[in-house]
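Visitor: Below are the sequence and a predicted model; questions follow.
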Amino acid sequence: MASHQYGDPGAACSDPPADDDKKKEAPLICDDCEDAPPIQYCAECAMLYCVECLAGHAKKKRTKDHPLVPVAPPVVPVPLCDDCEDAPSI
């Protein structure tokens, strides 16, 4: 019996795993308040901060000089034109 890449003995070797088996990425949230989307990452604290929590982080004497890295906004797929499939749909 041939070994199968995805572990299902009944599946063909080239069958990919089902969509529900794939990990879905959870949206990023602030590590401090666990409520709002983050805008900065503190490399020293190894934490993501939203606007409000970042203000507090910047005011504290021991954390105000920590290196911060902007968090990229989430990528939102843009639907393409049904006719040419090249330009964004309007």
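Guide: Thanks, I have it. Please read all numbers here as calculations on a predicted model, not as lab measurements. Numbers count the residues shown, from 1 in each chain.
Visitor: Could you list the low-confidence segments of this protein?
Guide: For the chain, the stretches with pLDDT under 70 are 1-26, 74-78, 85-90.
Visitor: Which residue ranges of it form helices?
Guide: Secondary structure of the chain (DSSP state H): helices located at 51-59.
Visitor: who's residue 48 bridged to?
Guide: Taking DSSP bridges as the rule, residue 48 bridges to residue 41.
Visitor: what's near enough to touch it?
Guide: By CB atoms under 8 Å, 6 or more residues apart in numbering, residue 48 lies in contact with 28, 29, 30, 31, 38, 40, 41, 42, 71. C-beta here means a position set from N, CA and C on the backbone, and glycine is covered the same way.
Visitor: what about burial for those, which qualify?
Guide: Buried residues within the contacts of residue 48, counting neighbours by 16 or more other CB atoms under 10 Å: 30, 31, 38, 40, 41, 42, 71.
Visitor: for these, which one is nearest residue 65?
Guide: Lowest distance from residue 65 to those (CB to CB) belongs to residue 42, with 10.7 Å.
Visitor: Just give the closest residue to the closest one, not the sequence neighbours.
Guide: The shortest distance from residue 42 to any non-neighbouring residue, by CB to CB, 6 or more residues apart in numbering, is to residue 66 (4.9 Å).
Visitor: Not including adjacent chain positions, what is the nearest residue to residue 53?
Guide: residue 32 is the one closest to residue 53 (CB to CB, 6+ apart), at 3.9 Å.
Visitor: Just give me the neighbour total for that neighbour.
Guide: 19 (other CB atoms under 10 Å).
Visitor: Is it correct that it is in contact with residue 55?
Guide: No: between residue 32 and residue 55 there is no contact under CB atoms under 8 Å: 10.9 Å.
Visitor: Which residues does stretch 35-43 contact?
Guide: With CB under 8 Å, 6+ apart as the test, stretch 35-43 has contacts from 27-31, 47-54, 57, 63, 66-71.
Visitor: gap between the two ends of that stretch?
Guide: From its first residue to its last, stretch 35-43 covers 20 Å (CA to CA, to the nearest Å).
Visitor: again, but for stretch 30-42
Guide: Start and end residues of stretch 30-42 are separated by 11 Å (CA to CA).
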